[in-house]
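Chemist: heads up, no residue letters with this:
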């Protein structure tokens with residue numbers, strides 16, 4: 001069965017869009033933006049500089065020019081927040097003091113500060129030079145060109161680019177040295193252009209023209225950095241994974257994980273240059289621990305100045321977990337946690353069809369043997385320390401899928417980028433979920449609750465009537481009128497028996513599917529049928545105005561009472577549980593459906 005997982009909105013895109021929306025000339029509706037520690041720090045910083053909002057779904061915006069804050073701005077360990085906010089000092093008339101947590105105070109910001117100084121900003125280091133906290137105060141109008149060292153972080157360049165359209169002469173940003181993480185610069189330019197910025201680029205420079213920014217509605221796509229951990233979990237457990245809300249053609253560089261996992265499935269040794277996508281080091285390293293042959297990851301010295309020294313922390317954790325690892329100045333060499341005699345489940349990560357926006361990772365083929373393997377669970381629990389780094393915690397979590405004795409300290413640190421990560425990871429520990437079939441009469445709430453259930457459970461939603469219409473090429477009223485109810489019931493039986501043979505679905509069934517004895521028996525044997533029930537008067541009110549043909553020729557409340565007397569015994573015979581829907585919100589009904597699904601087959605939920 002394919003596990004369907006929707007990932008959070010892209011953190012990188014969210015942070016860039018927040019800055020540009022604040023600088024825009026009119027309000028921007030941000031759709032799908034990530035709500036996490038980093039984005040909250042940035043929103044708070046923008047509001048401290050004078051950005052305001054009428055409330056969701058609009059993003060904070062400066063109604064005039066930003067102003068100097070009344071107190072130092074805390075940035076936690078959010079690199080984009082402190083760097084993007086630092087560049088906003090070019091628009092302020094007063095001082096701006098930025099600080100962070102203990103780890104942030106070890107993350108260098110000197111190269112960005114040097115560029116700001118050349119643009120007329122006075123820089124004062126309030127502790128150790130080159131590191132937060134620092135105070136910035138623009139003293140002169142910025143010149144039209146600046147050079148910035150991009151060899152340690154592309155965020156220094158992105159910070160300057162984002163503010164450039166609001167500078168009087170725009171800005172030409174020249175790169176000194178080979179830029180690391182260059183796909184993130186491409187992403188910055190992509191977001192800027194969606195806001196109407198005029199940017200000209202060459203290999204070593206970017207020219208941003210002055211001008212107004214505007215984007216009425218900005219949709220934030222799914223996060224490939226988060227998706228990388230989900231796809232790696234599929235690689236490690238041998239599960240098929242589909243991520244419906246990421247774009248294969250995205251400007252996010254971390255989409256490269258799909259090809260990397262494909263390569264990791266081949267016989268080793270493996271070698272990866274992750275200089276352009278250092279955030280893939282943690283998930284790829286975790287997947288490599290269960291691959292055949294050694295894996296070498298290089299050109300990621302800049303991973304040492306992320307939320308932690310990621311090369312050191314990974315090497316430390318892997319050694320404690322018993323995974324062979326060698327720490328290099330710019331990377332890691334990882335051996336197999338299982339040794340050559342164990343191997344791992346077959347895996348395939350395939351680029352999806354660009355016409356179908358999804359990411360897919362293929363697990364073991366049917367009949368290929370167990371899809372997961374674990375060492376003996378009688379080992380003493382072992383705790384790995386992620387050093388408050390969200391991606392380290394997630395990488396160690398991936399290891400625990402096959403090494404269940406592992407525990408992760410400070411698991412809450414994943415809230416920096418992926419607050420629901422542990423809930424998603426738990427789904428990989430569970431046996432493949434069966435489908436869920438919602439049965440009941442028209443107006444009982446099957447479609448509404450079914451869509452909610454599919455989204456909550458990460459399963460695919462299918463409206464059986466809509467599927468029937470799609471296959472027949474006609475609407476249900478047209479089928480009744482041209483071919484009669486007998487032919488409609490034949491088509492309904494075909495569709496239902498096929499859906500019952502599939503897994504990973506939430507199906508809103510047609511109200512009359514239970515009239516067929518074969519379908520009824522298949523539903524009963526599945527143990528996955530939930531009966532949504534409502535009184536005839538409630539259902540009659542809900543379906544008033546429906547274009548569906550009457551079932552008895554009478555319509556209205558009288559018809560609903562007749563049909564209920566006929567079909568309720570059939571629902572009772574095939575459904576494992578009954579859930580009433582009258583007078584309750586869809587979310588309340590969903591809660592009972594979820595409990596019923598956990599207990600299937602089980603007791604009546606009343």
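Modeler: Nice, I can see it. Since we're looking at a predicted model, the values are computed, not measured.

Chemist: and the gap between residue 268 and residue 241?
Modeler: Separation of residue 268 from residue 241 (CB to CB, to the nearest Å): 22 Å. Bear in mind the C-beta positions are built from the backbone N, C-alpha and C, glycine included.

Chemist: who has more neighbours, these two?
Modeler: residue 241 (24 against 17; other CB atoms under 10 Å).

Chemist: mind checking what secondary structure the more buried one has?
Modeler: strand (DSSP: H, G, I helix; E, B strand; the rest coil).

Chemist: wouldn't it be in contact with residue 228 here?
Modeler: No - using CB atoms under 8 Å, residue 241 makes no contact with residue 228, being 11.3 Å away.

Chemist: where do the helices sit along the stretch 501-606 of the chain?
Modeler: Counting by DSSP state H, counting those that start in this stretch, the stretch 501-606 of the chain has these helices, from start to end: 517-526, 536-542, 556-574, 586-599.

Chemist: and these: which comes nearest residue 50?
Modeler: Shortest distance between residue 50 and the helices of the stretch 501-606 of the chain, using CB to CB, is found for helix 586-599: 37.3 Å.

Chemist: what's that closest one in contact with?
Modeler: 436, 438, 445, 448-449, 452-453, 456-457, 528, 530, 532, 576-577, 579, 581, 602, 605 (CB atoms under 8 Å, 6 or more residues apart in numbering).

Chemist: so which of the residues you listed sit within strands?
Modeler: 436, 438, 530, 532, 577, 579 (DSSP state E).

Chemist: can I get the buried part of those residues as one ChimeraX selection?
Modeler: Filtering the ones in strands among the contacts of helix 586-599 down to the buried ones (16 or more other CB atoms under 10 Å) takes a single ChimeraX command:
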select :436,438,530,532,577,579
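
Chemist: for the stretch 1-150 of the chain, what spans make up the helices?
Modeler: Under DSSP H, counting those that start in this stretch, the stretch 1-150 of the chain gives helices at 11-23, 37-48, 79-87, 110-118.

Chemist: residue ranges with poor pLDDT in the protein?
Modeler: Counting by pLDDT under 70, the chain contains low-confidence ranges at 1-2, 54-57, 337-378, 431-433, 545-555, 597-606.

Chemist: please, which helix or strand holds the nearest residue to residue 282 once chain neighbours are set aside?
Modeler: Leaving aside its sequence neighbours, residue 282 sits nearest to residue 395 (CB to CB, 6 or more residues apart in numbering; 3.6 Å). Here residue 395, judged by DSSP states H and E, is contained in helix 390-400.

Chemist: how many neighbours does the residue nearest to residue 282 have?
Modeler: Around residue 395 there are 28 residues (other CB under 10 Å).

Chemist: quick one: it and residue 284 touch, right?
Modeler: No - assessed by CB under 8 Å, residue 395 is found out of contact with residue 284, at 9.2 Å.

Chemist: hmm, back to that, mind putting the helices of the stretch 501-606 of the chain into TSV with distance to residue 52 and mean neighbour count?
Modeler: Shown next, in TSV, are those (distance: least, CB to CB, whole Å; neighbours: other CB atoms under 10 Å):
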stretch	distance to residue 52	mean neighbour count
helix 517-526	54	17
helix 536-542	41	18
helix 556-574	51	16
helix 586-599	31	17
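
Chemist: ok, residues contacting the longest helix that the chain contains?
Modeler: Counting residues, the longest helix found in the chain (DSSP state H) is helix 476-500. Helix 476-500 has contacts (CB under 8 Å, 6+ apart) with 435, 437, 462, 464-465, 467-469, 471-472, 474, 505, 507, 509-510, 512-513, 515-516, 518-519, 522-523, 526, 547-549.

Chemist: what do you get if the cut-off is 7 Å, keeping everything else the same?
Modeler: 462, 464-465, 467-469, 471-472, 505, 507, 509-510, 512-513, 515-516, 518-519, 522, 526, 547-549 (CB atoms under 7 Å, 6 or more residues apart in numbering).
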